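1. 3D, please:
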Amino acid sequence: MRIAVTGSIATDHLMTFPGKFTDQLIADKLDKVSLSFLVDELAIRRGGVAANIAFGLGVLGLRPLLVGAVGADFEEYRHWLEAHGVRTDAVRESLLRHTARFVCTTDADGNQIGSFYAGAMAEDAEIKIAPLAAQHGGIDLVLIGAGDPGAMVVHTAECRESGLKFAADPSQQLARILDDEQVRALVDGADYLFGNEYEEALIERKSGWGSAEILARVGVRITTLGSAGARIDRQGQPPVTVPAVPDAKPVDPTGSGDAFRSGFLAAVAWGLSLERAAQLGNLMAVHALESTGPQEYNLKPGPLAERFASAYGDAAAAEVVTYLPA
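-> Next up, the predicted model:
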C-alpha cells in the first residue's frame, strides 16, 4: 500500500532558562518590553506532523511519500528521514523561505515564550497531489495532516476530484480554520478521520454535524483517548474501544499522536483488522511518549513483539510481528 503524507515539516529549537520570566518583568514598563535570556540548554528536534507520521511509517517498513515544502536548510533532515525509510522526492525546496521552525524558551516554573515561523510551509498549497500519484505509480491513500490551512483544503479537494482515498487529520489546525465550511470540506468523504476527544467535539461544533451524520460521511472515525487508549467508530456498528498499553513511562508527549497514526495506518496497509491497527497505534504512541522528541524512538522487533503480547495477547502479537521489518 502506497501512502502519501502531507502536512507540516519543521524543526523545534527548545531552550531552557534557569530563572523565572516573571522576575524580569517590571509592572509599569510592560508597554516597552525588551528582554534577553541567557539560556543553559538548546535541544534541536526534528518534527512537524507530516514528517513525524512519515518517520513512523518508515521505520515500520512502509516507504511513505512525504509531501510538503521546506527550505535549503532541510538537507540534514532529509538524510535523516531517508535513512529511516521515508521517500522525500516529493518534498519541494523553497527558493525564498527556510523550513518551518518553532523556537521556544522554558523557564524554571515551566512558563514558555515561543514563536512559530511557518516559512516554506506557506507554499504547500502549490504542490499538486494528482501529478505526484502519476509519477510514483499511484497512491493508495493520502493522509491530510495539520499544516498550512489553505493547503489542507486544496489537497483534500484534489483527492476528492481525482478519486484518491484520503485520511483527514486536521488536529491542531482546527482552531485556525475559521470557516466552518472548510471544516466540512476537510471531513466529508474521508476514508479515515483522526482526532482526540477535544478535536472530535470541535469538528462536530464547527461542522454542524452530529456524530451520526459524520459517521455517514466518513469510512472510519478514530478517536484517541490518551491513557484510555483509542475508540473506533463506523456507521451501523458498535464502537470498539482499544485500551492503551499499560505501564507507560511518559517522558515527552510531543509526537505521540503522530506515532499513533503511523502505527494505525501501517496495520491498515498490511490488511490487518481495525482493532489490530489501533493496538499497533497505541504501541507506537507509547514509544514516542517514552522518548525525548517525536522521532527519537527505536523500534526493535523482539521487544516490540513482547510488549505487544503483554498488552494485547500472544495471538494479536503474532498477527502483527509477521509484518515488522527485521
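2. pLDDT score for residue 177?
-> Residue 177 is assigned 66 on the pLDDT scale.
3. repeat for residue 36
-> The model reports residue 36 with a pLDDT of 88.
4. what about it, how many residues close to it?
-> Using other C-beta atoms under 10 Å, residue 36 has 6 neighbouring residues. In this view, the C-beta of every residue, glycine as well, is placed from N, C-alpha and C.
5. Over to residue 116?
-> Neighbours of residue 116 using other C-beta under 10 Å come to 14.
6. For my notes, confirm it occurs in a helix.
-> No - according to DSSP: H, G, I helix; E, B strand; the rest coil, residue 116 belongs to no helix; its state is strand.
7. list the contacts for it?
-> Contact analysis of residue 116 by C-beta atoms under 8 Å, 6 or more residues apart in numbering lists 100-103.
8. for the stretch 1-150 of the chain, what spans make up the helices?
-> Assignment of helices within the stretch 1-150 of the chain using DSSP state H, counting those that start in this stretch yields the ranges 49-59, 75-83, 129-135, 149-162.
9. most neighbours per residue, which of those?
-> helix 49-59 (a mean of 30; mean count of other C-beta atoms under 10 Å).
10. can I get the CA coordinates of that helix in PDB?
-> Output in PDB follows, covering the C-alpha atoms of helix 49-59 (Å, rounded to 0.1, in the frame of the first residue of the first chain):
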ATOM      1  CA  VAL A  49       3.100  16.500  11.800                       C
ATOM      2  CA  ALA A  50       3.800  15.100   8.400                       C
ATOM      3  CA  ALA A  51       7.400  14.300   9.000                       C
ATOM      4  CA  ASN A  52       6.600  12.600  12.300                       C
ATOM      5  CA  ILE A  53       4.000  10.400  10.800                       C
ATOM      6  CA  ALA A  54       6.100   9.600   7.800                       C
ATOM      7  CA  PHE A  55       9.000   8.700  10.100                       C
ATOM      8  CA  GLY A  56       6.900   6.200  12.000                       C
ATOM      9  CA  LEU A  57       5.600   4.600   8.800                       C
ATOM     10  CA  GLY A  58       9.200   4.500   7.500                       C
ATOM     11  CA  VAL A  59      10.600   2.600  10.500                       C
END
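11. Select the longest helix from the chain.
-> For the chain, the helix with the greatest residue count under DSSP state H is helix 274-289.
12. Next, residue 241: secondary structure please.
-> Strictly by three-state DSSP, residue 241 counts as strand.
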